[in-house]
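Trainee: need a structure here:
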Amino acid sequence: MKRIQTQINIDDFPNELHYIFENAKVYDSSSHPTMTVLYSENGYYVKIGEKGSLTKEAEMAKLFERNGIGVEVVSYISDVKDYMVTRPAKGEDCTHYLNDPEKLCRILAEAMKFLHSRPVADIPVSACMETYAGLDFMKQDTFIHGDFCLPNIILDDWKFSTFIDVGLAGVGDRHIDIYWALWSLNHNLKTDKYTDCFLDLYGKDSYDKDILKKVAEIESQM
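Mentor: Numbers count the residues shown, from 1 in each chain. Predicted structure coming up:
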């Protein structure tokens with residue numbers, strides 16, 4: 001994750017957050033046009049969005065934390081804007097582990113299978129499913145990440161550490177995660193030669209090739 005040192009006015013933030021920035025260098029780690037992500041060298045990430053925009057993500061982040069697969073959520077404040085404060089994940093995202101693609105595919109497939117095996121009772125539906133409303137070939141039976149891309153999976157010395165950016169997580173169709181994992185592998189490795197490797201490791205009997213193709217067609221039109 002990039003970190004570009006930046007200057008802030010501490011008075012622009014709620015009083016409850018001042019301790020995060022006091023006497024600390026602050027870095028901008030934003031990667032989305034509608035969200036700002038700041039890192040304080042005091043050891044906190046602060047994600048900032050429009051009022052109400054982080055409610056679902058804060059809920060899912062706490063759920064991931066309780067399941068031992070998410071970062072520590074320190075606080076969520078909805079004021080003039082939304083603020084979600086978390087501790088840093090241990091390790092680096094998967095874009096730092098491209099030197100051994102087959103090993104990376106194995107770890108990603110294992111992490112995905114673990115997530116997809118989690119119980120779905122009392123978990124809200126993923127916002128991703130809005131894209132597929134009315135399509136009866138899409139199921140809502142799996143705990144998905146919703147944006148299963150390499151920058152959102154953290155490894156610590158080649159061992160799975162945690163998931164981040166879980167705002168699209170929830171109950172949905174597993175093929176959404178599979179599609180984005182393959183897209184991200186192809187994008188970051190600059191080749192599609194590891195597509196079959198990942199699918200074999202995930203399990204050929206665990207997905208439908210035709211549904212995966214339909215998801216790819218729909219996403220390519222977005």
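
Trainee: Hmm, residue 208 is touching residue 178, no?
Mentor: No: between residue 208 and residue 178 there is no contact under C-beta atoms under 8 Å: 9.9 Å. In this view, the C-beta of every residue, glycine as well, is placed from N, C-alpha and C.

Trainee: Of those two, which one has the most company?
Mentor: Neighbour totals were compared for residue 208 and residue 178, and residue 178 leads with 25 against 16 (other C-beta atoms under 10 Å).

Trainee: Isn't the more buried one up against residue 109?
Mentor: No: contact criterion C-beta under 8 Å: residue 178 and residue 109 do not qualify, at 9.6 Å.

Trainee: ok so residue 191 is a strand residue?
Mentor: No: assessed with DSSP: H, G, I helix; E, B strand; the rest coil, residue 191 is coil; it does not lie in a strand.

Trainee: Pull the number of nearby residues for it.
Mentor: Residues lying near residue 191 (other C-beta under 10 Å) number 11.

Trainee: same question, residue 157
Mentor: 9.

Trainee: wait, what's in contact with it?
Mentor: Listed by C-beta atoms under 8 Å, 6 or more residues apart in numbering, the contact set of residue 157 reads residue 91.

Trainee: now residue 168: how far from residue 129?
Mentor: As defined by C-beta to C-beta, to the nearest Å, residue 168 lies at a distance of 10 Å from residue 129.

Trainee: Kindly report the same for residue 141.
Mentor: From residue 141 across to residue 129, the span is 11 Å (C-beta to C-beta).

Trainee: Check the secondary structure at the closest residue to residue 118 other than its chain neighbours for me.
Mentor: Excluding the flanking residues, the one nearest residue 118 by C-beta to C-beta, 6 or more residues apart in numbering is residue 143, at 4.2 Å. Secondary structure, three-state DSSP: residue 143 is strand.

Trainee: Bridged to residue 143, which residues?
Mentor: The bridge-partner assignment for residue 143, based on DSSP bridges, gives residue 171.

Trainee: hang on, the earlier thing: what do residue 178 and residue 109 both touch?
Mentor: With C-beta under 8 Å, 6+ apart as the test, residue 178 and residue 109 both reach residue 202.
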